[in-house]
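Enquirer: Turn this into a structure:
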Amino acid sequence: MKLSRREKVLIVILVIALAVYAGYMFIPSSGMFNLDELRAEHSRKTLEYATMSQNITLKNKYEEDALTLIEQINNLPVISDLQQEKLIVFLNKYLADNNIDASNITFTDAAAVPMSIVVSQPAEKAKSSMDLLMYDIDNIYVYADENEDDEQAVAVNTEEADKEEQPSMSAESISVNIEFLASYNDMIKFIDLVQANPVDISITNISTVASEVGTLQGTMTMNFYEVPKPVGFKENNDEWLWNDLAESGKANPFSIGGAWETIGSLNTKFDFFVNLEPESSDLPTILVGKTEDIARSTYISENTNTVENIKFSFKLENNKYYYSYNTKNNTYPKSGTWQEFSPSEEGKIKIKVYSSDRNLKTDSVGAIIGVTNTSGLKVYFEVENDSSTNPRVTLKDAKSAIVTRK
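Expert: Model (predicted):
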């Protein structure tokens, strides 16, 4: 049967209507379009968005607070790397600069210093008597119903939680005990300089007695502290004493100018010194300098496992005495000129040479010392602790100088 166009259109409309009706009757529309679920989903998404926005804000705030805290820690007037050798250098300078004669200095090992964390408690609002009464009524039955075992468990958990919440923090300190002899003014000056130092140093104890010569004899205890700095911290404050005083490499932090004058013959002063050490030593193998030079500005050194040439030169000009000396790589004065000096003893130039035993078969450290002298003064060498079988020290033109070996 042939259908007309109008009939075909009607049949199509009927099929569509039946399909819609069947879908409405048999498909659960409530599962597809639930308004409450859509609202809940919208609320969840809104909450997640708000949480993410808050986290971003908190993260930025945390980073700012962390940078501020790191800056505060870096600016603390406390050492970040406490080392005993640096304390020795510090004490050497301050004691010498203030004329403090330290007869004995002892150090204690670095020890942990516990640090307590101050937790600020929020201020509680004042409660009226009625509020307190109602609070007691609300909680009296709770306390009566609690089981004793539960109380113990809660107590244990609370203690463990407190332990976990309290981070362990500690600083380290080194104590130094100094026995000294000094005038009252020098002692006060030393204390003032220590207290004014940019590094936090504590003088925890000091006791003195007056001696017969008008000076003070006593003991002093000083504490130096260390607080770890953040990872990657680099000291850039030039005023900190460790940058100014601590020397790197094989430098001699124990040389105290005038100490050279009392080594060797008793009550004998020397004008210059030469010090020879084995290559395995932490000190330079060869050190040359002027005695009584606290600043060590006249010192020159070499650090090789070979025999080095050392030359002293002296001259008289316009009734003044001048000197210079040099090694292979160094000269004093550095400008190649001359430096004026006054001999410690009339008519003599006295040079002390400190040697040491060879501790290894490969130890080849030595010095050939020569002198050019047009000053009219007699040059005296005193060589101490040099080996008689394999000496380190050789003197050129020994006839022009008087040599004593001890």
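Enquirer: which SS state does residue 382 fall under?
Expert: Secondary structure assignment for residue 382 (DSSP: H, G, I helix; E, B strand; the rest coil): strand.
Enquirer: For the closest residue to it other than its chain neighbours, give its distance to residue 22.
Expert: Among residues not flanking residue 382 along the chain, residue 404 sits closest, at 4.8 Å (CB to CB, 6 or more residues apart in numbering). (Glycine included, C-beta is placed from N, CA and C.) Using CB to CB, to the nearest Å, we find residue 404 at a distance of 127 Å from residue 22.
Enquirer: Surely residue 183 touches residue 215?
Expert: Yes - between residue 183 and residue 215 there is a contact under CB atoms under 8 Å: 5.4 Å.
Enquirer: can you give me the strands in the stretch 1-150 of the chain?
Expert: Under the criterion DSSP state E, counting those that start in this stretch, the stretch 1-150 of the chain contains strands at 101-107, 111-114.
Enquirer: what helix or strand does residue 172 sit in?
Expert: Using DSSP states H and E, residue 172 falls within strand 170-182.
Enquirer: What pairs with that strand, parallel or antiparallel?
Expert: strand 101-107 (antiparallel), strand 111-114 (antiparallel), strand 216-226 (antiparallel) (DSSP bridges).
Enquirer: what separates the last one from the chain centre, distance-wise?
Expert: Just to be clear, that refers to strand 216-226. 19 Å (CA atoms, centre = their mean, to the nearest Å).
Enquirer: what residues does it touch?
Expert: 78-82, 87, 110, 113, 171-184, 187, 194, 199-211 (CB atoms under 8 Å, 6 or more residues apart in numbering).
Enquirer: can you do 7 Å?
Expert: 78-80, 82, 87, 171-184, 187, 200-211 (CB atoms under 7 Å, 6 or more residues apart in numbering).
Enquirer: did I read that right, the residue nearest to residue 382 in a strand?
Expert: Yes - per three-state DSSP, residue 404 lies within a strand segment.
Enquirer: Quick check: next helix or strand after the lowest-mean-pLDDT helix or strand in the chain?
Expert: The least trusted helix or strand in the chain, going by mean pLDDT, DSSP states H and E, turns out to be helix 241-245, with a mean of 45. Heading C-terminal from helix 241-245, the first helix or strand you meet, by DSSP H and E, is strand 272-276.
Enquirer: tell me the angle of the helix or strand that comes right after that following strand relative to strand 272-276?
Expert: Sequence order places strand 286-290 as the next helix or strand after strand 272-276, per DSSP H and E. Calculated by axes from the mean of the first three to the mean of the last three CA atoms, to 10 degrees, strand 286-290 forms an angle of 170 degrees with strand 272-276.
Enquirer: Any chance you could list what contacts strand 286-290?
Expert: Contacts of strand 286-290 (CB under 7 Å, 6+ apart): 252, 272-276, 296, 298-302, 308, 310, 325, 327, 367.
Enquirer: Partner strands of it and their direction?
Expert: Using DSSP bridges, the strands paired with strand 286-290 are strand 272-276 (antiparallel), strand 300-302 (antiparallel).
Enquirer: in the first one, what's buried?
Expert: Judged by neighbour count using 16 or more other CB atoms under 10 Å, the buried positions of strand 272-276 are 272-276.
Enquirer: For the spatially most central residue of the chain, give its distance to residue 74.
Expert: Residue closest to the mean C-alpha point of the chain, counted by CA atoms, centre = their mean, is residue 81 at 2.3 Å. For residue 81, the distance to residue 74 equals 13 Å [CB to CB].
Enquirer: Give the partner strands of the helix or strand that residue 316 is a member of in its sheet and their orientations.
Expert: Per DSSP H and E, residue 316 falls inside strand 307-317. Sheet pairing for strand 307-317, assigned by DSSP bridges, gives strand 320-326 (antiparallel), strand 366-374 (parallel).
Enquirer: got CSV for those, with mean neighbour count and mean pLDDT too?
Expert: Listed next are the strands paired with strand 307-317 as CSV, based on neighbours: other CB atoms under 10 Å; pLDDT from 0 to 100:
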stretch, mean neighbour count, mean pLDDT
strand 320-326, 19, 95
strand 366-374, 18, 92
